[in-house]
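**Q** Pasting the sequence and the predicted model now:
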Amino acid sequence: MIMKVKMILPALAEAESPFWRPIKYSLFPPLGLATLASYLSSDDEVELVDQHVEKIKLDDSPDLVVIQVYITNAYRSYQIADHYRQQGTYVIMGGLHVTSLPDEASQHADSIFIGPGEEAFPQFLKEFRIGKPKKTYSSNVRTLTGIPPIRRDLIKRERYLVPNSIVVTRGCPHHCDFCYKDAFFEGGKSFYTQEVDDALSEIDRLPGRHLYFLDDHLLGHTRFATSLFEGMKGMNRVCQGAATIDSILRGNLIEKAAETGLRSLFVGFETFSPQNLKQSNKKQNLKKNYEEAVKRLHSLGIMINGSFVFGLDDDDQDVFKRTVDWGVANAITTSTYHILTPYPGTALYKSMEKQNRLTTNNWDLYDTRHVVYKTTKLTPEELKAGYDWSYKEFYSWTNILKGSLNHEVPKHQLKHFLYAGGWKKFEPLWNFIIKTKGLNQMLPLLEAILSKVKDKTQPIEHVSNSLISKPSISYEH
Ligand code: SF4
């Protein structure tokens with residue numbers, strides 16, 4: 001049976017707010033859906049639609065609609081699902097929010113998927129084709145061995161700044177209580193990797209030099225990461241990724257990553273309060289010297305995108321200034337701030353629910369920009385105002401300049417200034433490039449920016465990639 005399949009990533013609610021920075025939502029293609037598409041038959045007619053970068057047409061009649069649901073696109077997902085189901089199309093939904101709240105999602109879908117889809121989706125397809133699909137599919141077997149290559153041919157590369165996104169692991173070895181990870185992977189392994197050879201082949205298939213590893217923790221599995229970096233030697237890549245503070249400070253994995261082209265890292269500092277770290281079960285940050293991690297990264301020419309959470313119970317009125325000042329003093333190139341958000345399914349949500357601290361179940365507000373729970377030392381208004389102030393302050397020209405000057409090497413200073421400024425201060429230019437569908441043409445420029453810079457005082461290849469920050473769909477690291 002040849003099928004017409006439509007795979008949809010509906011836009012996140014915040015992507016259409018007045019504060020929407022279109023560039024932030026035009027970074028990464030929907031890799032999860034493209035991965036699932038690889039299980040379809042080559043005869044099937046497949047369309048992959050990402051509402052962040054294109055309009056969704058709803059006047060068609062596919063045989064199967066597949067929707068990926070995050071918390072802040074849940075309502076939109078349900079509307080799209082209801083529309084297709086009313087006209088008789090079979091609709092399936094999966095993703096973080098479906099896994100957290102299967103009962104809610106199942107009211108809008110013919111089948112739902114709980115957890116990762118690599119085992120469940122092919123099983124569903126088999127049963128759907130013979131007319132016997134089940135209502136719920138769960139992931140029992142957790143392995144990436146033998147998964148088919150991602151259908152990158154379905155991705156409209158020209159619409160993304162970072163079409164070469166890649167994921168070579170699933171999950172993370174840690175258990176922070178505000179993170180979706182444990183809820184999503186419940187019932188099985190919550191951290192596993194591709195075969196190194198498969199990961200290297202996938203990298204090999206990507207054109208150009210630039211790579212963005214979207215893994216939650218690229219350095220999380222030492223043996224895997226060591227072999228990966230070994231295999232990447234000589235590939236002449238420049239790449240970005242995410243990792244934890246403890247992995248930066250431990251052993252020499254970060255040096256190996258730098259040797260193979262790692263040029264910027266998303267690092268979850270989150271909070272400076274040991275009490276907050278304990279509250280969040282973020283043990284991997286406890287008693288770690290943040291400054292030492294920063295120095296090590298800078299000495300390797302790796303720029304830093306720091307992630308910080310506001311609103312944990314030990315945070316007071318001073319937390320915003322302290323956090324911004326620390327970022328500037330330590331030459332953090334880009335900062336991502338979040339208001340603490342208890343996502344359904346997480347340990348944090350359960351504990352807030354138990355304490356009767358949740359103030360709304362409007363999922364559109366669970367975007368890390370709104371306060372959705374009863375705070376302790378700060379009022380909700382102070383928390384929101386402090387969050388807004390922190391972004392404004394960190395990205396003021398004065399602080400961009402100050403942060404830049406806190407690098408020791410002049411070339412690093414210049415790069416920091418240009419990249420932090422370029423990322424945050426030229427919105428009309430980014431919007432123009434998106435409107436004229438020119439993002440893909442930016443890739444060679446991005447690669448050129450990331451290319452080798454010989455520094456007399458520091459022989460190590462130094463480039464930067466802080467033009468990009470990860471979307472804040474979940475906290476990481
Ligand atoms: S927040 Fe980061 S380090 Fe913590 S569990 Fe989630 S992915 Fe892992």
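**A** Structure received.
**Q** For the ligand, what is the nearest residue in the stretch 251-400 of the chain?
**A** residue 268 (5.5 Å; C-beta to the nearest ligand atom). Where you see a C-beta, it was placed from the backbone N, CA and C, and this is true even at glycine.
**Q** For the stretch 201-350 of the chain, list the residues in contact with the ligand, please.
**A** Contact residues (C-beta under 6 Å from any ligand atom) of the stretch 201-350 of the chain with the ligand: 216, 217, 244, 268.
**Q** So the third one versus residue 378, what's the distance?
**A** The span separating residue 244 from residue 378 equals 26 Å under the rule C-beta to C-beta, to the nearest Å.
**Q** Among those two, which residue is more densely surrounded?
**A** residue 244 (28 against 21; other C-beta atoms under 10 Å).
**Q** Now do the contacts for the more buried one.
**A** 174, 217, 219, 220, 267, 268, 284, 285, 477 (C-beta atoms under 8 Å, 6 or more residues apart in numbering).
**Q** ok, residue 103 to the ligand distance?
**A** 24 Å (C-beta to the nearest ligand atom, to the nearest Å).
**Q** Quick check, the residue in the stretch 1-150 of the chain closest to the ligand?
**A** residue 96 (11.8 Å).
**Q** Would you mind measuring from the residue lying closest to that residue once chain neighbours are set aside to the ligand?
**A** In this structure, residue 96 finds its nearest non-sequential neighbour in residue 180, 5.1 Å apart by C-beta to C-beta, 6 or more residues apart in numbering. Residue 180 sits 7 Å away from the ligand, going by C-beta to the nearest ligand atom.
**Q** which residue ranges form the strands in the stretch 1-150 of the chain?
**A** Assigned strands in the stretch 1-150 of the chain, in chain order: 4-9, 45-50, 64-68, 90-94, 111-114, 136-138 (criterion: DSSP state E, counting those that start in this stretch).
**Q** will you turn those into TSV that also has mean neighbour count and distance to residue 187?
**A** Listed next are the strands of the stretch 1-150 of the chain as TSV, based on neighbours: other C-beta atoms under 10 Å; distance: least, C-beta to C-beta, whole Å:
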stretch	mean neighbour count	distance to residue 187
strand 4-9	22	25
strand 45-50	20	28
strand 64-68	25	20
strand 90-94	24	15
strand 111-114	24	8
strand 136-138	18	7
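**Q** Out of the ones you listed, which is closest to residue 402?
**A** Counting by C-beta to C-beta, residue 402 lies closest to strand 45-50 out of the strands of the stretch 1-150 of the chain; the figure is 37.3 Å.
**Q** Show me what the closest one is packed against.
**A** Applying 3 or more C-beta pairs under 8 Å, 6 or more residues apart in numbering; DSSP states H and E, one finds that strand 45-50 contacts strand 4-9, helix 31-37.
**Q** Distance to residue 367 and mean pLDDT added to the ones you listed, as CSV?
**A** Converted to CSV, these look like this (distance: least, C-beta to C-beta, whole Å; pLDDT from 0 to 100):
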stretch, distance to residue 367, mean pLDDT
strand 4-9, 16, 98
helix 31-37, 19, 97
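**Q** Specify the stretch among those that is closest to residue 66.
**A** Comparing the helices and strands packed on strand 45-50 under C-beta to C-beta, the one sitting nearest is strand 4-9, at 4.4 Å.
**Q** Figure out how far the closest one is from the centre of its chain.
**A** Remark: strand 4-9 is offset 22 Å from the chain centroid, using C-alpha atoms, centre = their mean, to the nearest Å.
**Q** helix or strand for the closest residue to residue 405 other than its chain neighbours, which one?
**A** Among residues not flanking residue 405 along the chain, residue 413 sits closest, at 5.8 Å (C-beta to C-beta, 6+ apart). Under the criterion of DSSP states H and E, residue 413 resides in helix 410-425.
**Q** buried ones in that helix?
**A** 411, 412, 413, 415, 416, 417, 418, 419, 420, 423, 424 (16 or more other C-beta atoms under 10 Å).
**Q** Closest one of the residues you listed to residue 383?
**A** So of these, ranked by how close each gets to residue 383 (C-beta to C-beta), first place is residue 424, at 22.1 Å.
**Q** Quick check: the gap between that closest one and residue 335.
**A** Distance from residue 424 to residue 335, by C-beta to C-beta: 10 Å.
**Q** wait, isn't residue 263 in contact with residue 304?
**A** No - counting by C-beta atoms under 8 Å, residue 304 is not a contact partner of residue 263; they are 10.9 Å apart.
**Q** Model confidence for residue 385, exactly?
**A** For residue 385, the pLDDT comes out at 98.
**Q** Mind putting the helices and strands packed on strand 45-50 into TSV with distance to residue 341?
**A** Formatted as TSV, those follow (distance: least, C-beta to C-beta, whole Å):
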stretch	distance to residue 341
strand 4-9	20
helix 31-37	21
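**Q** in which helix or strand would I find residue 227?
**A** According to DSSP H and E, residue 227 maps onto helix 222-232.
**Q** Give me the buried stretch members for that helix, please.
**A** 224, 225, 226, 227, 228, 229, 231, 232.
**Q** Which SSE is immediately downstream of it?
**A** Moving toward the C-terminus from helix 222-232, the next element (DSSP H and E) is strand 238-243.
**Q** Please state the offset of that next one from the chain centre?
**A** 12 Å.
**Q** Alpha carbons only: can I get it in PDB?
**A** Extracted in PDB, the C-alpha atoms of strand 238-243 (Å, rounded to 0.1, in the frame of the first residue of the first chain):
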ATOM      1  CA  VAL A 238      33.900  22.900  12.700                       C
ATOM      2  CA  CYS A 239      31.200  22.100  15.200                       C
ATOM      3  CA  GLN A 240      29.100  23.100  18.200                       C
ATOM      4  CA  GLY A 241      27.500  21.000  20.900                       C
ATOM      5  CA  ALA A 242      26.400  20.900  24.500                       C
ATOM      6  CA  ALA A 243      28.000  19.300  27.600                       C
END
